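Student: Just a sequence and a predicted model for now, questions to come.
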Amino acid sequence: MFCEFLISSGRRLPDAEYTIVLLVINGCVRSSLVNNRIPPTAVGGSLMCGLHNPNRPLNFESRQRELAGLLMCGHFRRKTIQQHSDTCRNVQFDPIFALMNLEPLTKLTWAFQLHYQLCFRTYRLRSVFSNSDRENRLSAAVDEICQRHTFNLLESRVHPNHLRIQVSLRPTEAISSVIRIVKANSASALISAFRLEAPIWGRGYLAQSVGRVRIESVKRYIEVQAKHHGYATRPRPPVYRFRAIRPVSLTAAHSYFELNHHLVFATTRRVGIFGSVMGKALTDYWLRVATKHGFAIDRCTFVPDHVHLLIRTRPNLSIEECALSLLNNGQYFVGQNAPELLVQAGIEQLWQASAYSGTCGEFSTALMKSFLRDG
């Protein structure tokens, strides 16, 4: 299926008699109207734009600038296009196409510090580790398991009927998977060493995020981004701030958790793309994406070239899964509804393939570490 948008633009672009704009997205041509459906994570297709100017040749960059000016004049409507189709039908075009590929991100380069406090109890709260031999065997087993699976064990504490550990993980690792690995392997080691009756561990667990700074400090930092970057004194600062009035409740079977993550995304080459209007539109869209994928956005601040978020996740999600769903769906949204922003900026991808993530919580990593060590 193919569709041509022919628009007479003499008043908009004095040097050009006519302009042809072809929007090809996801393999077929669509108008740049708002699509409220949440797309799949994969983003594909291209934005093909051709400009005709019979009077003077234009280089690639000047054609991008003229296209951006045309697109910002307003939405293309089918009725307007139909009115101009008869006028433009017999015009001979010699278009030069600028191709923009919106490819999905599949992996990210990370700067991260992800610390978690985990606790799980014995089956029916039996005092399995009441003697020193079993306690020492469990501590050694947990150390060996974490080394084998490259989990960074920061601290651990064995109690008669439960185990508390503090771990540092990578962005690709989900809390539920880590707990499952530690439980299964430690139970196997204990049963073979002491001929204990299975099961060793109960089904539930507790998981909390901790970090170098507490969550209140992160919230304040996200709130003052406009001042931090010098936008606060402008009459109309290009900043959008979001704060969830009623935070979304997240649940998972047989677990209690509070997993807070600070995320930072930057545009390609740190080009200024966002303003208050686009920041609000993308935040509203991201809230629907988060609901679909099972996490929650509590805070968000857009400045022109990057965005800060405070999100809460379920234990079965890695932070990289959450980040990729936001980045790819965000790129899709901007490509569908404001492609002129990408063309004007001269970038073919909205986001850099990198991100920052840091955990935070009610208590700091150092405080909880000392609690395990001394408690």
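Tutor: All right, it came through fine.
Student: can we go C-alpha only for contacts and neighbour counts from here?
Tutor: Fine.
Student: Can you tell me whether I have it right that Glu155 is in a strand?
Tutor: Yes - using DSSP: H, G, I helix; E, B strand; the rest coil, the assignment for Glu155 is a strand.
Student: Around the nearest residue to it once chain neighbours are set aside, how many other residues sit close by?
Tutor: Of all residues not flanking Glu155 in the chain, Gln166 sits nearest, at 5.1 Å (CA to CA, 6 or more residues apart in numbering). Neighbour count for Gln166, taken as other CA atoms under 10 Å: 24.
Student: Contact partners for Gln166?
Tutor: Shown in contact with Gln166 (CA atoms under 8 Å, 6 or more residues apart in numbering): 115-118, 153-156, 369.
Student: wait, Phe242 sits on Cys300?
Tutor: Yes - between Phe242 and Cys300 there is a contact at 5.0 Å, judged by CA atoms under 8 Å.
Student: Please say which of the two ends up with more neighbours.
Tutor: Between Phe242 and Cys300, counting by other CA under 10 Å, Cys300 is the more crowded of the two (24 against 18).
Student: and the more buried one, which of the three is it?
Tutor: On the basis of three-state DSSP, Cys300 is classed as strand.
Student: Nearest residue to it in space, ignoring adjacent ones along the chain?
Tutor: Spatial nearest neighbour of Cys300, excluding adjacent residues (CA to CA, 6+ apart): Leu309 at 4.4 Å.
Student: part of a helix, is that neighbour?
Tutor: No - using three-state DSSP, the assignment for Leu309 is strand, not a helix.
Student: May I have the beta-bridge partners of it?
Tutor: Counting by DSSP bridges, Leu309 is bridged to Leu263, Cys300.
Student: Please name the residues that touch it.
Tutor: By CA under 8 Å, 6+ apart, the contact list for Leu309 reads 222, 262-264, 297-301.
Student: need the contact list for Ile319.
Tutor: 171-174, 261, 313, 357.
Student: try 6 Å
Tutor: Pro171 (CA atoms under 6 Å, 6 or more residues apart in numbering).
Student: so what pLDDT did it get?
Tutor: Looking at Ile319, its pLDDT reads 98.
Student: Now do the helices in the stretch 51-200 of the chain.
Tutor: Counting by DSSP state H, counting those that start in this stretch, the stretch 51-200 of the chain has helices at residues 60-71, 78-88, 132-148, 175-194.
Student: Show residues contacting the last one.
Tutor: Contacts to helix 175-194, defined as CA under 6 Å, 6+ apart, come from residues 141, 200, 315-316.
Student: so where's the stretch 51-200 of the chain shaky on pLDDT?
Tutor: Counting by pLDDT under 70, the stretch 51-200 of the chain contains low-confidence ranges at 51-101.
Student: still on that earlier bit, Throw together a PyMOL command that grabs the buried residues out of the contacts of Gln166.
Tutor: Listed next is the PyMOL selection for buried residues among the contacts of Gln166, using 16 or more other CA atoms under 10 Å:
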select buried, resi 115+116+117+118+153+155+156+369
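Student: Closest to Phe129 out of the contacts of Gln166?
Tutor: Distance to Phe129 across the contacts of Gln166 (CA to CA) is lowest for Ser156, with 14.0 Å.
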